[in-house]
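**Q** Based on what follows, work out the 3D shape:
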Amino acid sequence: MAKVLILNGSPHANGCTATALDEMIKVFEQEGIETELIQVGNKDIRGCVACGYCSKNGKCVVNDLVNEVAPKFEEADGLVVGSPVYYASPNGTILAFMDRLFYSTSFSKQFKVGAAVVSARRGGNTATFDVLNKYFTISGMPVASSTYWNQVHGFTSGDVQKDLEGLQTMRNLARNMSFMIKAFADAKEKYGLPEVERGAFTSFPDGK
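**A** Numbers count the residues shown, from 1 in each chain. So this is what the prediction gives:
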């Protein structure tokens, strides 16, 4: 069975972001997609210190939730990352988590489907959405889209439940993501994955 890993970057396990993610989970269940929700936003997650430990040992030097989630991410067919908006950007905790999760894992993320979900009382959604999508697009992960940018509005979970268009966007996102996961699985079996070139690495070491 296909599986989607869902990360909640909010410190509130039952807040606005969770309400949006729960709407997606209902659809994933209808589509026969297994889900696992991991609460990240209330954990003590430090940022990457660029020590190079992961390149030699295959995991982050800080043995916390990042190393626990890494094998789950490797097995998953898709990744949903949810975050509240803090100063028109994602929550600092989920950013630190994503930096270390993506940097410390060497397994291929090619054609794992990615989706970012953001929640705000009023503004900053699209800027936050853009930051989170960068993790997918540098990793060969197709990005699932919906009928609007993947966002909900509200100050409380009850407010989000009144955002009917936002919840509709979440449901359509989950349906599109489910379709992509199934379609890519069929295409992988029929055609295999595209070749990935890795030879060129631009660093301008001569200073020119």
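
**Q** all strands for this protein, in order.
**A** Residue ranges of the strands in the chain, as given by DSSP state E, are 3-8, 34-39, 78-86, 89-90, 113-120, 151-153.

**Q** so can I have a markdown table of the ones you listed showing mean neighbour count and mean pLDDT?
**A** In short, each C-beta sits where N, CA and C put it, glycine included. Below are those laid out as a markdown table (neighbours: other CB atoms under 10 Å; pLDDT from 0 to 100):
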| stretch | mean neighbour count | mean pLDDT |
| --- | --- | --- |
| strand 3-8 | 23 | 98 |
| strand 34-39 | 16 | 98 |
| strand 78-86 | 25 | 98 |
| strand 89-90 | 22 | 98 |
| strand 113-120 | 27 | 98 |
| strand 151-153 | 22 | 98 |
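
**Q** can you list these in a markdown table and add distance to residue 54?
**A** Formatted as a markdown table, those follow (distance: least, CB to CB, whole Å):
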| stretch | distance to residue 54 |
| --- | --- |
| strand 3-8 | 19 |
| strand 34-39 | 20 |
| strand 78-86 | 19 |
| strand 89-90 | 22 |
| strand 113-120 | 21 |
| strand 151-153 | 32 |
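
**Q** Tell me which of the ones you listed sits nearest to residue 193.
**A** If you check each of the strands of the chain against residue 193 by CB to CB, strand 113-120 wins as the nearest, at 13.6 Å.

**Q** Dump the closest one to PDB, keeping only the CA atoms.
**A** The C-alpha trace of strand 113-120 is given here as PDB (Å, rounded to 0.1, in the frame of the first residue of the first chain):
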ATOM      1  CA  VAL A 113       5.400  13.500  -4.200                       C
ATOM      2  CA  GLY A 114       5.700  16.600  -2.100                       C
ATOM      3  CA  ALA A 115       3.000  19.000  -0.800                       C
ATOM      4  CA  ALA A 116       3.300  22.000   1.500                       C
ATOM      5  CA  VAL A 117       0.300  23.200   3.500                       C
ATOM      6  CA  VAL A 118       0.300  26.500   5.400                       C
ATOM      7  CA  SER A 119      -2.100  28.200   7.700                       C
ATOM      8  CA  ALA A 120      -2.300  31.900   8.800                       C
END
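
**Q** What is it packed up against?
**A** Contacts of strand 113-120 with other secondary structure elements, assessed using 3 or more CB pairs under 8 Å, 6 or more residues apart in numbering; DSSP states H and E, are made with helix 16-30, strand 78-86, helix 125-137, strand 151-153, helix 164-191.
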